[in-house]
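Undergrad: Below are the sequence and a predicted model; questions follow.
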Amino acid sequence: MSVIPMKLAAVAGPVRDFDDVALNSIIDRGFHPEPPASRADALRPFELENPYSETLRMAASAAEKLGITLGYHNPTDELSIAHSLASSRSASIVNCQLSFRAIEDRHTSIVAEREKLTRFIAEGEHILEQLMRLKDVNVELSEFFKVRYFKFRFGYMPRGVYDHHMPLVEERPDVYFFPTSVEEDAVYGMYLTPRKSAQTADALFEKLRFTRIRISDRVHGSGPQALGFIKTENEEAAARIAELDAELDALRRSEGPRLLAAYSYLKRMSDAYDVRRFAARTGQSFYILGWVPSDMAGEFTGNIAANCPNSVAVVDEPGADCPAPPVMLKNSRAAGAFQPFVEMYGVPGYNEIDPTPFLALTYALLFGAMFGDAGHGAVLAIGGFLLWRLKGAWLAQCAGWAGLSSVFFGLVYGSVFGSEEILPFGFKLHESHNVMGILRYSVAAGVAVIVTVMVLNVINGVRRSDFGSILFGPNGVAGAVFYLAVMAMFLPMIGFAEPILPARVLLIIAAPSFLLVFLREPLSKLVGQKQGGQEEHEREGVAGFIAGNFFEMVETLLSYVSNTLSYLRVGAYAISHASMMAAVYMIAEKPGGGYNIIALVIGNIIIMGVEAFLAGVQVLRLEFYEMFSRFHQGGGTPYAPVEVQYSITK
């Protein structure tokens, strides 16, 4: 449960061996490269145009067409694939591109034919729908359109128009309409007219809202015969589509593993080539600087010596003039679940305390105190751990640990699913004389937490050799004494604590610590620690220094009070939970005795969901604003070793 110690590693060797060093000893070896910030004049950067980028893009395109998710594939797990890729490491980029292009071309050919057949079937379905209105026409349909002196039109008109106006059409000697299908909303049919009267007839039927349907060239024979022909063609096309789908599956099975194996090789080579951006070179030699965890330093240097005999690696402890080492956090499973919260606020500096265990403990305890219910906590814990196991969601694991804390505090409060009558013991929150007690405990917990974070700030100051912050800062030794004296005076005044010492004694204790914090900048200078903004105060003079520090002390005093009283929300949420659940039981109570089970279940679900969410947010606020702001500076660089990310394409 700490920041893992790092060692600075420098690797140098012939330029011609750099790719081998990067491939065999840098990537996937725990090496965190340092950006090439300042180099000697003789050093210059490498060429950065990656020759594998285009080929990787082609691999990604081919994988997308085959419906394959890119990832690592070891060809040695299948003998046939291993044999076919035996020369992969020496194969040219061109050969890989030809292979990917062949896969794409074959896939494109199959898909194009499949899409053509799909459109053919859709067209056939449309024709079948039309032919259903001609199924009773036992005449060769194409003959209608070969008549020399007459014009035929096939289509449909609204049923209402047909019923009201067709008698007028039947009186005309130059037009003959015969229906082929009479339906509820429309009438399908053909009209016949001499060619010389075609324009007049077309205009007439257009007014009758006749919609023409053009018979496809695929239609042959009579109505029943055409239906059979089209159905047969569609069935044959569907069978061919099934064959093409089988070909696609076969292509995916046969070429997929080969594609992934080639991609894995190319991705590793590409990422090894990209290590160049962290290196520098002279005419003949290269140089790269980075970090490795202390427990991996021996393995790292041994690997360089074994695989790259012409290169040399030197590891050493970080010095004062070195860049800040990256931060690698190591925590237990329970504490590690809360590590993303720390990363949200800021990764700790290399010389800072890892606040993850502290956050995990305080988050769980404060959440349980706010949401103390053995029944609700058990549901939250079971649901959280199950979701974590099934989906791997880190937040669900946090909810599981917080739920266990809720179970513990629920037993302390004597609350199970909002009822304080089930358990014969517990600190019953519904009893009025306990309300002030829980609020007092909340404030006392706040004082204890704030003092604890001040101690953590002192420890961080010692690690950074920041003696001014340790001795005279608002969260240092003098600040802690001043805070405790102020709280010992203030809390009894508002009824949240009993007097410990007489007020004059507390003033005598507070006065020196107040002065030390007030004069922290000049005092820090005396102990050799320069404070930010010191030059500005020197330019402003004594009056400006006094005025500025006076208002800062007022702000510090107000923050002490407001931060402490912020912990009242812990008790307030606990009381609110008990009150809201009491309301649920009142609503669910039946007039003749007993409870409406459905109302109880719905009420418990609503209260549990809303209060668990609000408690989680409020605890996180306390962590970030009332705790971390006092001791955790953040600003560390996360440890990010060079590793091949096979699931990411470039």
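TA: Cool, got the structure.

Undergrad: check which helix or strand covers Ala280.
TA: strand 279-281 (DSSP states H and E).

Undergrad: packing partners for that strand?
TA: Packed against strand 279-281 by the contact rule (3 or more CB pairs under 8 Å, 6 or more residues apart in numbering; DSSP states H and E) you find strand 44-45, strand 285-293. Placement of C-beta: from N, CA and C, glycine included.

Undergrad: now those as CSV including mean pLDDT?
TA: Rendered in CSV, the data for those read as follows (pLDDT from 0 to 100):
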stretch, mean pLDDT
strand 44-45, 80
strand 285-293, 91
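
Undergrad: okay if I get these as JSON lines plus distance to Asn95 and mean neighbour count?
TA: Below are the helices and strands packed on strand 279-281 laid out as JSON lines (distance: least, CB to CB, whole Å; neighbours: other CB atoms under 10 Å):
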{"stretch": "strand 44-45", "distance to Asn95": "30", "mean neighbour count": "12"}
{"stretch": "strand 285-293", "distance to Asn95": "28", "mean neighbour count": "22"}
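
Undergrad: tell me the contacts of Met58?
TA: When contacts are counted by CB atoms under 8 Å, 6 or more residues apart in numbering, Met58 is found next to Cys96, Gln97, Phe100, Arg101, Glu104.

Undergrad: To clarify, my last question referred to Ala334.
TA: With CB under 8 Å, 6+ apart as the criterion, the residues that contact Ala334 are Ala360, Trp401.

Undergrad: Quick one: the helices in the stretch 251-400 of the chain, in order.
TA: Remark: helices assigned in the stretch 251-400 of the chain by DSSP state H, counting those that start in this stretch are 297-307, 333-336, 339-345, 356-370, 374-391, 394-413.

Undergrad: Strand partners (parallel or antiparallel) of the strand holding Ala280?
TA: According to DSSP bridges, strand 279-281 has the following sheet partners: strand 44-45 (antiparallel), strand 285-293 (antiparallel).

Undergrad: would you put the C-alpha positions of the longest one in CSV?
TA: Once non-C-alpha atoms are left out, strand 285-293 reads as follows in CSV (Å, rounded to 0.1, in the frame of the first residue of the first chain):
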residue,chain,number,x,y,z
SER,A,285,25.0,5.7,-31.2
PHE,A,286,21.6,6.0,-29.6
TYR,A,287,20.6,7.0,-26.1
ILE,A,288,17.2,6.5,-24.2
LEU,A,289,16.3,7.4,-20.7
GLY,A,290,13.5,6.0,-18.6
TRP,A,291,12.3,4.4,-15.4
VAL,A,292,11.8,0.8,-14.2
PRO,A,293,10.4,-0.4,-10.8
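
Undergrad: mind checking which of the strands paired with strand 279-281 is nearest Ala511?
TA: Proximity of those to Ala511 was assessed by CB to CB; the nearest stretch is strand 285-293, lying at 47.8 Å.

Undergrad: Touching that closest one from outside, list them.
TA: 4-15, 17-18, 21, 26, 29-34, 36, 39, 43, 46, 275, 278-281, 300, 315, 325-326, 328, 639.

Undergrad: In strands, which of those residues fall?
TA: With strands identified by DSSP state E, the entries of these that belong to them are 6-14, 32-33, 279-281, 315.

Undergrad: quick revisit: can you tell me which of the contacts of strand 285-293 are buried?
TA: Applying a neighbour-count criterion of 16 or more other CB atoms under 10 Å, the buried members of the contacts of strand 285-293 are 4, 6-9, 11-13, 17-18, 21, 26, 29-34, 36, 46, 275, 278-281, 300, 315, 325-326, 328, 639.

Undergrad: Number of residues surrounding Val447?
TA: Neighbours of Val447 under the rule other CB atoms under 10 Å: 20.

Undergrad: isn't it right up against Asn563?
TA: No. Contact status for Val447 versus Asn563: not in contact, 9.8 Å apart, counting by CB atoms under 8 Å.

Undergrad: in the chain, which residue is closest to the centre?
TA: Nearest to the centroid of the C-alpha atoms of the chain, with distances taken as CA atoms, centre = their mean, sits Ala393, at 10.1 Å.

Undergrad: Test my guess that Ile438 contacts Gly426.
TA: No. Here Ile438 does not reach Gly426: they are 12.0 Å apart, not a contact under CB under 8 Å.

Undergrad: ok so, going back, closest one to Gly160 among the strands paired with strand 279-281?
TA: Of all the strands paired with strand 279-281, it is strand 44-45 that lies closest to Gly160, at 81.7 Å by CB to CB.

Undergrad: chain center to the closest one: distance?
TA: Here strand 44-45 shows a centroid-to-chain-centroid distance of 37 Å under the convention CA atoms, centre = their mean, to the nearest Å.

Undergrad: Tell me which residues are up against it.
TA: Outside of strand 44-45, the residues that reach it under the criterion CB under 8 Å, 6+ apart are Pro36, Arg276, Arg277, Ala279, Ala280, Arg281, Thr282.

Undergrad: Show me the beta-bridge partners of the nearest residue to the fourth one once chain neighbours are set aside.
TA: Leaving aside its chain neighbours, Ala279 sits nearest to Ile288 (4.1 Å; criterion: CB to CB, 6 or more residues apart in numbering). For Ile288, the residues forming beta bridges with it (DSSP bridges) are Val11, Ala279.

Undergrad: roughly how far apart are Ile288 and Ser61?
TA: In this view, Ile288 and Ser61 are 33 Å apart by CB to CB, to the nearest Å.

Undergrad: and what of Leu168?
TA: Distance check for Leu168 against Ser61: by CB to CB, it reads 64 Å.

Undergrad: so where's this protein shaky on pLDDT?
TA: Along the chain, the parts satisfying pLDDT under 70 run over 1, 37-42, 74-91, 127, 129-149, 215-223, 430, 432-433, 528-541, 648-650.
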